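In: sequence unknown, structure follows:
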């Protein structure tokens with residue numbers, strides 16, 4: 001990690017330690033994806049988030065080999081797709097993910113979404129718990145799980161997820177969901193932390209706070225995530241932007257500024273069609 005960038009960490013409920021910011025890799029695949037991930041690691045990223053459905057686990061593994069960063073310094077994530085929730089399918093999918101990436105273990109492996117219409121997410125979570133005991137996964141978690149899904153897997157499997165990765169941004173601040181995570185001891189990860197199309201970054205409230213701290217609007221939003229206790233997953237293939245996104249720990253937002261950004265939440269703030277209760281492609 002670059003010496004002049006001091007990236008803080010969070011300790012998960014299972015005792016593992018992860019950086020406070022991650023690289024999102026959705027649509028980073030193939031040779032260009034490898035280059036982008038290598039660049040990110042050279043900029044200082046140590047937590048990288050992939051998924052079976054992103055079709056880039058192989059690119060992630062290749063980037064790890066090319067970057068020259070010691071494996072023990074990295075925290076690598078992938079996710080189980082909704083169509084593979086049968087216990088045996090889940091086991092096989094994780095093995096295939098490791099083969100594809102050329103890795104011996106995943107640091108963090110998530111159920112990509114609960115797929116409530118099928119209703120086998122408890123079975124899938126039990127498979128991840130068994131693979132964790134075998135040492136193929138260090139930390140297990142979920143993504144896009146609503147409170148009722150979280151309570152069910154905890155009640156039936158007896159293991160609290162280390163993280164729940166959810167859509168979280170100023171226009172969709174998920175205050176009640178964050179409260180549930182805090183009560184259960186689950187670390188939040190924020191996918192699409194800036195939103196699609198950078199509309200939030202152009203919001204006058206965000207721009208005004210950014211000017212007050214002499215930082216960019218995107219840095220302001222990522223700092224808001226950090227002070228919420230969430231791990232944002234910004235995605236960029238541009239080295240300069242990657243580094244800028246990492247450089248959000250040298251300033252702090254006031255309580256009033258945090259509240260002003262959270263108050264930007266609105267009914268249509270989430271990405272269209274991404275409701276985990278009904279979405280069918282995770």
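Out: Noted; the coordinates are in hand. All values reported here derive from a predicted model rather than from experimental measurement. Residues are numbered from 1 along each chain as shown.
In: measure residue 228 to residue 73 for me?
Out: 26 Å (CB to CB, to the nearest Å). C-beta: built from backbone N, CA, C; applies to glycine.
In: more neighbours: which of those two?
Out: The neighbour count for residue 228 versus residue 73, taken as other CB atoms under 10 Å, is higher for residue 228 (20 against 10).
In: name the nearest residue to the more buried one, ignoring sequence neighbours.
Out: Closest residue in space to residue 228, ignoring its immediate chain neighbours: residue 178 at 6.6 Å, by CB to CB, 6 or more residues apart in numbering.
In: so how far is residue 83 from the one you found?
Out: 29 Å.
In: more neighbours, these two?
Out: Shown here are residue 178 and residue 83; by other CB under 10 Å, residue 178 has more neighbours (19 against 16).
In: one step back: quick one: the residue nearest to residue 228 is in a helix?
Out: Yes. The assignment for residue 178, made by DSSP: H, G, I helix; E, B strand; the rest coil, places it in a helix.
In: just the pLDDT at the closest residue to residue 207 other than its chain neighbours, thanks.
Out: Once flanking residues are discounted, residue 207 sits nearest to residue 217: 5.4 Å by CB to CB, 6+ apart. Note for residue 217: predicted pLDDT of 98.
In: what residues are up against residue 217?
Out: Applying CB atoms under 8 Å, 6 or more residues apart in numbering to residue 217 gives the contacts 200-203, 206-207, 210.
In: show me which residues of the one helix or strand residue 130 maps to are buried.
Out: Take DSSP states H and E as the rule and residue 130 turns out to sit in helix 121-134. By neighbour count on 16 or more other CB atoms under 10 Å, the buried set for helix 121-134 is 121-132.
In: likewise stretch 51-61?
Out: Buried residues in stretch 51-61 (16+ other CB under 10 Å): 51-54, 56-61.
In: which among these gets closest to residue 8?
Out: residue 60 (23.4 Å; CB to CB).
In: what are the ranges of the helices in the stretch 151-282 of the chain?
Out: 175-184, 204-213, 217-228, 239-246, 255-262 (DSSP state H, counting those that start in this stretch).
In: most tightly packed of the ones you listed?
Out: Sort the helices of the stretch 151-282 of the chain by mean neighbour count, taking mean count of other CB atoms under 10 Å, and helix 217-228 sits at the top with a mean of 23.
In: tilt between that one and helix 204-213?
Out: Put simply, helix 217-228 runs at 90 degrees to helix 204-213, going by axes from the mean of the first three to the mean of the last three CA atoms, to 10 degrees.
In: tilt between helix 217-228 and helix 239-246?
Out: Going by the same axes, to 10 degrees, helix 217-228 makes 30 degrees with helix 239-246.
In: and which of the buried residues of helix 121-134 is nearest residue 91?
Out: residue 127 (5.2 Å).
In: wait, the closest one sits on residue 84?
Out: No. The criterion here is CB atoms under 8 Å, and residue 127 misses it with residue 84 at 9.4 Å.
In: can you redo the buried residues of stretch 51-61 as a markdown table with pLDDT?
Out: Listed next are the buried residues of stretch 51-61 as a markdown table, based on pLDDT from 0 to 100:
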| residue | pLDDT |
| --- | --- |
| 51 | 98 |
| 52 | 97 |
| 53 | 96 |
| 54 | 97 |
| 56 | 98 |
| 57 | 98 |
| 58 | 98 |
| 59 | 98 |
| 60 | 98 |
| 61 | 98 |
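In: quick one: which two of those residues are the most distant?
Out: Greatest spatial distance in the buried residues of stretch 51-61: 53 and 61, 16.4 Å, computed using CB to CB.
In: re the thing from before, residue 44: which of the buried residues of helix 121-134 is nearest?
Out: For the buried residues of helix 121-134, the nearest to residue 44 is residue 132 (27.9 Å; CB to CB).
In: tell me the pLDDT of the residue lying closest to the closest one once chain neighbours are set aside.
Out: Counting by CB to CB, 6+ apart, residue 132 lies nearest to residue 140, which is 5.2 Å off, once chain neighbours are set aside. On the pLDDT scale, residue 140 is placed at 98.
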